[in-house]
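**Q** return a 3D structure for these sequence lines:
(one chain, ligands or ions: 1)
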Amino acid sequence: MWLTTIIFCVAYLLVLPLVHCRKVLFAAYYCLALMIFQFSYISIFVLDTTSKLSLLLITIIPASFILLPHVSRWHHLFIATSAAIALTVSELSLFSFSLHRLPTSFELPAMIFVSCSVALMMHIAMHVSSSSVARYQAQLSWLSHRDELTKLPNRRFFINRVDELIKNKTQSLGYIMTLDLDYFKRVNDTYGHSVGDKCLVSVAQSIHQSLPNDAVFARLGGEEFSVYLPINKAKDSSSDQAALALASQICRQVSEQYITINETTAIACSLSIGVSKRCQDLSSAMKQSDIALYQAKTQGRNMAVMFSDQESNEQVDIGGGDSNYAPIS
Ligand SMILES: Nc1nc2c(ncn2[C@@H]2O[C@H](COP(=O)(O)OP(=O)(O)OP(=O)(O)O)[C@@H](O)[C@H]2O)c(=O)[nH]1
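**A** Numbers count the residues shown, from 1 in each chain. Down below sits the predicted model:
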């Protein structure tokens, strides 16, 4: 009994460093540890061959539970408790069948202890392997929905989220803004790609600060961002003006913010923004904001324009007319 307990403890300690292993490795390791464990157990009770094989099978089968897809903590506990009961009953019947007697008052607690230890080991293996899988899945999901440079949600997340909000109508239908940095190629060509990256991060932060909490903000790709702005019911009548005013405030804020390149140089970026009308469906709202953005670009940049079916779109020129990439000292 002492020998089996020592072997179990060694096996248990060896399991711990394997916390980051994959499920299959866990299951294989579990089987190996149990075989060593059961062989020593069998040698103590001197079982016949059939009973030895049955005992091995009984202890190896629970390893398959480790391979189950991600299940909850309560499922783990349930499986481990069932395994402990099943192991005790099986060992008890095999013992009586093989040795033609009932276990003594020393052997019975030993059996229960052994079964519970085996079940505990299985529980730990299941828990550790599934929590590392859950962590890995969460990491994957984060990466697939984020832009690596700005850490903002990406286009996929933006479309899914806004579609969800519009379909469930958890929020009133709102506006889509498409925001695009002006003459950004010049920044890259003049100061290099790393300065371009710094500008993107800085502009993203500046836009973020100007937005209300319920807006959805994402980097669509390159130097283009998108905002979904839900309608504030309290200001419903003036929502068009409010959306355009917010867009022009963002333009102003970005153009007034200087980004330090080195000790002697700082530059300011500028944005053009196209704002859709209230969106009924996302794809037509995105088209509207793209058309309005194109107009903002052709009318001089550094301004916000709202889509309109009429000839002349509503526009807010914030006075730039061109980008300010000239270095200031
Ligand atoms: N640094 C950096 N540059 C990027 C990134 N993604 C796209 N760009 C650059 O963004 C620039 C976009 O250039 P254009 O599409 O010509 O647009 P623009 O120069 O801003 O001109 P307008 O939009 O017409 O005002 C290209 O030079 C791209 O290389 C990025 O992640 N980092």
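
**Q** what is the helix or strand encompassing residue 108 packed up against?
**A** Element membership for residue 108 (DSSP states H and E) is helix 107-145. The elements that helix 107-145 packs onto, with contact taken as 3 or more C-beta pairs under 8 Å, 6 or more residues apart in numbering; DSSP states H and E, are helix 2-15, helix 23-45, helix 63-66, helix 73-99, helix 155-168. In short, each C-beta sits where N, CA and C put it, glycine included.

**Q** any idea how far the residue in the chain positioned nearest to the ligand lies from residue 227?
**A** Nearest residue of the chain to the ligand, counting by C-beta to the nearest ligand atom: residue 196, 2.5 Å away. Residue 196 is 21 Å from residue 227, where distance means C-beta to C-beta, to the nearest Å.

**Q** repeat for residue 135
**A** Residue 135 is 31 Å from residue 227, by C-beta to C-beta.

**Q** pick out whichever of those two has more residues nearby.
**A** More crowded of residue 135 and residue 227, by other C-beta atoms under 10 Å: residue 227, with 28 against 11.

**Q** pretty sure the more buried one contacts residue 161?
**A** No. Taking C-beta atoms under 8 Å as the definition, residue 227 is not a contact partner of residue 161, at 11.8 Å.

**Q** shared neighbours of the two, which are they?
**A** residue 216 (C-beta atoms under 8 Å, 6 or more residues apart in numbering).

**Q** what sits closest to residue 249 if chain neighbours are left out?
**A** Nearest residue to residue 249 in three dimensions, chain neighbours excluded: residue 210, at 5.9 Å (C-beta to C-beta, 6 or more residues apart in numbering).

**Q** show me what contacts that neighbour?
**A** With C-beta under 8 Å, 6+ apart, residue 210 has these contacts: 246, 249-250, 253.

**Q** how about 10 Å then?
**A** Neighbouring residues of residue 210 by C-beta atoms under 10 Å, 6 or more residues apart in numbering: 217, 227, 246-247, 249-254.

**Q** and what of residue 151?
**A** 142, 201, 204, 219.

**Q** drop anything exposed from these.
**A** 204, 219 (16 or more other C-beta atoms under 10 Å).

**Q** narrow the contacts of residue 151 to those in strands?
**A** With strands taken from DSSP state E, the overlap with the contacts of residue 151 comprises residue 219.

**Q** so which bits of stretch 88-103 are buried?
**A** Under 16+ other C-beta under 10 Å, the buried positions of stretch 88-103 are 88, 90-92, 94-95, 98, 103.

**Q** near the ligand, which residues of this structure?
**A** For the chain, the residues in contact with the ligand (C-beta under 6 Å from any ligand atom) are 149, 180-185, 188, 193, 196-197, 200, 222-223, 297, 301.

**Q** buried ones from the residues you listed, can you make that a ChimeraX selection?
**A** Applying 16+ other C-beta under 10 Å to those, the buried members can be selected in ChimeraX as follows:
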select :180,181,182,183,184,196,200,223,297,301
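
**Q** closest to residue 307 among the residues of the chain next to the ligand?
**A** residue 297 (13.9 Å; C-beta to C-beta).

**Q** the inter-axis angle of the one helix or strand that closest one maps to versus helix 155-168?
**A** In the assignment (DSSP H and E), residue 297 maps to helix 282-298. Helix 282-298 and helix 155-168 are oriented at 120 degrees to each other (axes from the mean of the first three to the mean of the last three C-alpha atoms, to 10 degrees).

**Q** list the buried residues of helix 282-298.
**A** Residues of helix 282-298 classed as buried under the neighbour-count rule (16+ other C-beta under 10 Å) are 282, 285-286, 288-293, 295-297.
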